[in-house]
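>>> mind folding the following:
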Amino acid sequence: MKNFKAGLFGLGVVGSGVYTALQQNQKYGISIEKIAVKNIDKERDFDLPTGILTAQSDEILENEDIDFIIELINDPEEAFTIVKKAFEKGKSVVSANKKMVALHHQELLELREKYGVKFFYEGAVCGSVPILRLLDQHYKSDKIKSVKAIANGTCNFILSKMTAENQDYDSALKEAQDLGFAELDPYSDVSGEDTRFKLAIMVYHAFGIFVHPQEIPLEGIDYLDETLVQFAQKHQLKIKLIGEACNIGGKINAKVEPQLVNEKQDFYNIENEYNGILVNAEFTAEQFVKGKGAGSFPTALAVLSNLKDLIYDLAIAKYSIKPNITYSTEIEREIYFIGGFETELSGLEILAKDETYCLAKSDFKELEKLKQKHPNLYWVKISQDIYEIIKNQEVLI
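Numbers count the residues shown, from 1 in each chain. As a prediction, this is how the structure comes out:
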């Protein structure tokens, strides 16, 4: 088998995992010729060959001996510049940068077609779970009705600690940071933004349309408090941050929000840094996959898998947009647990209330307007089935 030469951008958590795996396993037939980093003099936990590091991206991009690029940096705009130039130089790319892909998805695929290169980014969505591969290949002859996902290991870890171990949000977040599951600045994770990037990518692979992340309504977990945790524990429920996209009559609805789930649901047993994806399709009905979504080697595994796709010249689906499918910002009213408010809420269809929370029918637009008046307000979706069980368990005011 031919030996391939690659240029690596980024030597952080994932980049280190990819480099280490390639060094330890010769079966890939890939040698890293150069690694572009911001700080060449930074101390690292492993030895590197002399001269392999560079601070100049063109040392890689202009090198005709390098066969392809592995892009694993954090900055989405810098990453886009690197990938675009790599395409222009005729180099295929493997990336794990979900923000870059989500923000520039359509343009990236158009550039891929224009320059006749390949572009794989399985590592951008759900770590070790090959969901993009499944959507592209397994479901290509089926009609997908919905995709629902726990797609952020940091949030899931925090929520697991809050409900299972009675930790408050701050201590659960600190533990996630200490274990390397959360960044020092956790905003993208806990706000739900990270899940939204991944959901936007999945929408194209599931339904064949592009949705900009900003079009997807968003509610994170950073406002959740002990009132919700106590309510969930009382009714044997768990709190999960779920991104979902549904095809309703050719119109795609998508959103990211916390939800309460019970033991009958697949998401109930997805704990800590694990991710889980539920796909509902016309012929195959519901299928559920799970796997680690955070950490060095789970994401590195997805990158390595894509590298083998390049080596074996795996065919990829042509860029296309499906006709007769559109994105809709109209979202149906649903049942929500609402907390974090101090005064009476108006304009909602109240189903039940207590001193510190209420159950009500609403939609995102109504709740977002209320949050402008009540900055600490938060909401968590409750399915109709769970609401019926709660009604039968206690007398609701």
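
>>> where's residue 265 relative to residue 193, distance?
24 Å (Cβ to Cβ, to the nearest Å). Glycine gets a C-beta too; all of them are placed from N, C-alpha and C.

>>> which strands and helices sit next to the longest helix along the chain?
The longest helix of the chain (DSSP state H) is helix 98-115. Counting contacts by 3 or more Cβ pairs under 8 Å, 6 or more residues apart in numbering; DSSP states H and E, helix 98-115 packs against helix 76-88, strand 119-120, helix 193-207.

>>> may I see the ones you listed arranged in TSV, with mean pLDDT and distance to residue 275 as well?
Below are these laid out as TSV (pLDDT from 0 to 100; distance: least, Cβ to Cβ, whole Å):
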stretch	mean pLDDT	distance to residue 275
helix 76-88	98	21
strand 119-120	96	19
helix 193-207	97	9
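
>>> on that earlier part again, what's the angle between the longest helix of the chain and helix 76-88?
Calculated by axes from the mean of the first three to the mean of the last three Cα atoms, to 10 degrees, helix 98-115 forms an angle of 20 degrees with helix 76-88.

>>> next one: helix 98-115 to chain centre, how far?
Remark: helix 98-115 is offset 17 Å from the chain centroid, using Cα atoms, centre = their mean, to the nearest Å.

>>> ok, now stretch 65-77?
With Cα atoms, centre = their mean, you get 20 Å for stretch 65-77.

>>> who touches that stretch?
Here stretch 65-77 makes contact (Cβ atoms under 8 Å, 6 or more residues apart in numbering) with 4-12, 14-15, 18, 32-34, 60-61, 79, 82-83, 86, 91-97, 99-100, 103-104, 303, 307, 310.

>>> show the buried residues in these.
The neighbour count (16 or more other Cβ atoms under 10 Å) marks 4, 6-11, 14-15, 18, 32-34, 60-61, 79, 82-83, 86, 91-97, 99-100, 103-104, 303, 307, 310 as buried among those.

>>> which residues are contacting stretch 161-173?
157-159, 175-176, 182, 186, 190, 221-222, 224-226, 229, 232-233, 238-239, 271.

>>> go with 6 Å
158, 229, 232, 238-239 (Cβ atoms under 6 Å, 6 or more residues apart in numbering).

>>> top of the residues you listed by number of neighbours, please.
Within those, neighbour counts (other Cβ atoms under 10 Å) peak at residue 158, which reaches 31 neighbours.

>>> that residue - nearest residue in space that isn't next to it in sequence?
residue 172 (4.3 Å; Cβ to Cβ, 6 or more residues apart in numbering).

>>> likewise for residue 86?
Spatially, and ignoring its direct neighbours in sequence, residue 86 is nearest to residue 69 (4.5 Å; Cβ to Cβ, 6+ apart).

>>> quick check, residue 252 in a strand?
Yes. Secondary structure of residue 252 (DSSP: H, G, I helix; E, B strand; the rest coil): part of a strand.

>>> wait, it sits on residue 210?
No. The criterion here is Cβ atoms under 6 Å, and residue 252 misses it with residue 210 at 10.6 Å.

>>> now the closest residue to residue 123 other than its chain neighbours: how far from residue 23?
Distance criterion Cβ to Cβ, 6+ apart; nearest residue to residue 123, sequence neighbours excluded, is residue 96 at 3.2 Å. Distance, residue 96 to residue 23, by Cβ to Cβ: 18 Å.

>>> how about residue 31?
Taken as Cβ to Cβ, the span from residue 31 to residue 23 is 9 Å.

>>> same question for residue 64.
Look at residue 64 and residue 23: by Cβ to Cβ, they are 24 Å apart.

>>> more neighbours, those two?
Between residue 64 and residue 23, residue 23 has the larger neighbour count (other Cβ under 10 Å), namely 16 against 8.

>>> leaving aside the residues adjacent along the chain, what's closest to that one?
Spatial nearest neighbour of residue 23, chain neighbours left out: residue 32 (7.9 Å); criterion: Cβ to Cβ, 6+ apart.
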